[in-house]
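Asker: Give me a model of this one.
(one chain, ligands or ions: 2)
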Amino acid sequence: MTQQTLVLIKPDGVKRNLIGEIISRLEAKGYVVADLKKFTPTKDLLHKHYAEHEGKPFFEPLVEFMSSGDVVAIKLEGHRVIEGFRSLAGATDPTVALPGTIRGDLGRDWGLKVQQNLVHGSDSEESAARELALWF
Ligand code: RTP
Ligand code: MG
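Answerer: Ligands and ions are numbered 1, 2, ... in the order given. Below you'll find the model as predicted:
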């Protein structure tokens with residue numbers, strides 16, 4: 001079944017000029033970029049996007065980080081792309097994300113308050129539909 005998921009290249013990925021490297025990996029895997037845009041998200045959008053994490057200690061630092069610069073939002077398409085992108089991204093913590101994954105190959109711990117881990121990907125069909133409606 002063809003799915004769509006929301007991929008975000010976070011401000012750390014954009015600042016490090018990794019947009020091309022990350023999109024290359026998605027395309028090399030066979031997924032299709034159906035739509036794409038680059039802008040600095042408002043805190044209001046981020047509060048909605050990260051609503052499930054409200055109240056957690058990393059929530060405010062996460063919103064600060066995500067609103068600190070441009071993000072690339074991608075509507076990515078393909079069969080089982082939701083699960084497939086999460087597997088390409090690797091574990092949340094880039095220190096332990098496996099080599100071969102985006103976070104494992106390109107990310108590290110910078111000693112900051114929030115994990116700067118380069119990308120976001122929706123974690124279920126429900127999240128993908130909700131997040132795509134917010135960002136596109
Ligand atoms: P994402 O939503 O960005 O695809 O990442 P994820 O599912 O792997 O991680 P999630 O648990 O949804 O957390 C969202 C983002 O919050 C930051 N985070 N920091 N303990 C921490 O410092 C911590 N935990 C999470 C990360 O940027 C994570 O991607
Ligand atoms: Mg998540």
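Asker: does G121 have beta-bridge partners, and which?
Answerer: V7 (DSSP bridges).
Asker: Could you pull up the residues touching it?
Answerer: 5-8, 82, 85-86, 89 (Cβ atoms under 8 Å, 6 or more residues apart in numbering). The way it works is simple: take the backbone N, C-alpha and C, and place the C-beta from them, glycine included.
Asker: which of those residues sit farthest apart?
Answerer: L8 and I82 (14.0 Å; Cβ to Cβ).
Asker: Would you mind naming what in the protein lies close to ligand 1?
Answerer: Neighbours of ligand 1 within the chain, by Cβ under 6 Å from any ligand atom: 58, 62, 92, 114-115, 117, 120-121, 123.
Asker: all helices in the protein, in order from the N-terminus.
Answerer: With DSSP state H, the ranges of helices along the chain come out as 11-15, 19-29, 43-49, 59-66, 81-89, 102-106, 125-135.
Asker: and the angle for the last one with helix 81-89?
Answerer: This points to helix 125-135. Angle of helix 125-135 versus helix 81-89, following axes from the mean of the first three to the mean of the last three Cα atoms, to 10 degrees, is 80 degrees.
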